[in-house]
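Q: dropping a prediction and its sequence here:
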Amino acid sequence: MRRGTGVLLLVAAAMALATLATRVPEALAGVEGFRVSGFQLEGERFLTRDEVVELLGDPGSHSLWDELDPLARRIEAHPLVREARVRRKLPSTLLVQVVEREPVALIPGPALVPLDREGRELPLDAARHRLDLPLVQPVREPWAEGISLTRREVAVLAREAAMLRELDPGLAASASEFALSAGGDILLRMGEPRITLLYRSPASTATLRRGLRVLGDFADRRPDERPLVIDLRFDDQVVVRHRNPSGR
């Protein structure tokens, strides 16, 4: 056999095997023995199996040999899901792994609505899930009563809430409110009696750490006084406004 002919035969054989490989899963998908008997959910905190069934349909309508990426995309269409992956788990289960959107703040309305770090509203009942999260609020000025936040402002405040959770979860747990000043600065209110960190958005980690250091130092040096506002808007100084024990 000539060498050229042998090469052609090898190429033809490889193409035939490739075609067969693409058709085997398609053929197996119709075999009753490969029907999916159930879904297994991993990584969830709020997403339920019933919601997965609603998105994918009854498990029995799927085969283990179905394409999995389209199924993952259907899961990612749910507003609670950031990322999804679907895997086969023999003998008859599809494993659905999800990364959920984490609630970081609440926006007031007829009911409190949870927000993720991008300011997306999440379909969660804050009371039912006992979400103890800070509120995001509009401009706090007497003349601005009734003004609501724009979508961009909601995203800004939600991002600040998420950053604080990453920087200092303990402090984030004491945060009660993120608001905007009339000039667009961030007002982070926390603790009782209330202390306000005032800073420009977006805050750097260094800026927030500087505020925390000043807060700790103030508490150590003046245990009988409480700071009202820690102003971090300046590069070269931190301004602390405080009230002494007499209330002045």
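A: On my side now, so go ahead. What you are looking at is a predicted structure, and each value in this text was computed from that prediction instead of being measured.

Q: only C-alpha atoms from now on, for both contacts and neighbour counts.
A: OK.

Q: dump the residue contacts of the closest residue to His242 other than its chain neighbours.
A: By the measure of CA to CA, 6 or more residues apart in numbering, the closest residue to His242 outside its immediate chain neighbours is Pro227, 3.9 Å from it. Contact partners of Pro227, counting by CA atoms under 8 Å, 6 or more residues apart in numbering, are Ile195, Leu215, Phe218, Val240, Arg241, His242, Arg243.

Q: among the residues you listed, which one has the most neighbours?
A: Ile195 (20 neighbours; other CA atoms under 10 Å).

Q: is it true that it touches Leu228?
A: Yes: the pair Ile195 and Leu228 qualifies as a contact (CA atoms under 8 Å) at a distance of 5.0 Å.

Q: quick check, the residue nearest to His242 in a strand?
A: Yes: judged by DSSP: H, G, I helix; E, B strand; the rest coil, Pro227 forms part of a strand.

Q: what's the distance between it and Arg241?
A: 6 Å (CA to CA, to the nearest Å).

Q: so the protein: which segments form each domain?
A: For the chain, automatic domain parsing gives the domain ranges 32-100, 105-243.

Q: just the strands from this structure, written as ranges.
A: Assigned by DSSP state E, the strands in the chain fall at 38-42, 81-89, 93-100, 105-107, 113-115, 135-137, 175-180, 186-190, 195-199, 226-231, 239-243.

Q: any chance of those in a markdown table, plus mean pLDDT and distance to Leu71?
A: As requested, the strands of the chain are exported to a markdown table (pLDDT from 0 to 100; distance: least, CA to CA, whole Å):
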| stretch | mean pLDDT | distance to Leu71 |
| --- | --- | --- |
| strand 38-42 | 95 | 12 |
| strand 81-89 | 96 | 7 |
| strand 93-100 | 96 | 9 |
| strand 105-107 | 96 | 30 |
| strand 113-115 | 97 | 26 |
| strand 135-137 | 91 | 35 |
| strand 175-180 | 92 | 38 |
| strand 186-190 | 90 | 41 |
| strand 195-199 | 89 | 44 |
| strand 226-231 | 85 | 49 |
| strand 239-243 | 79 | 54 |
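
Q: which one of the ones you listed is the most hemmed in?
A: Stretch with highest mean neighbour count among the strands of the chain: strand 105-107 (a mean of 27; mean count of other CA atoms under 10 Å).

Q: what does that one rub up against?
A: Under CA under 8 Å, 6+ apart, the answer for strand 105-107 is Leu112, Val113, Pro114, Leu115, Asp116, Leu133, Pro134, Leu135, Val136, Gln137, Ala158, Ala161.

Q: those helices in this protein, which residues are they?
A: Taking DSSP state H as the test, the helices found in the chain are 3-28, 49-56, 69-76, 151-167, 169-174, 205-221.
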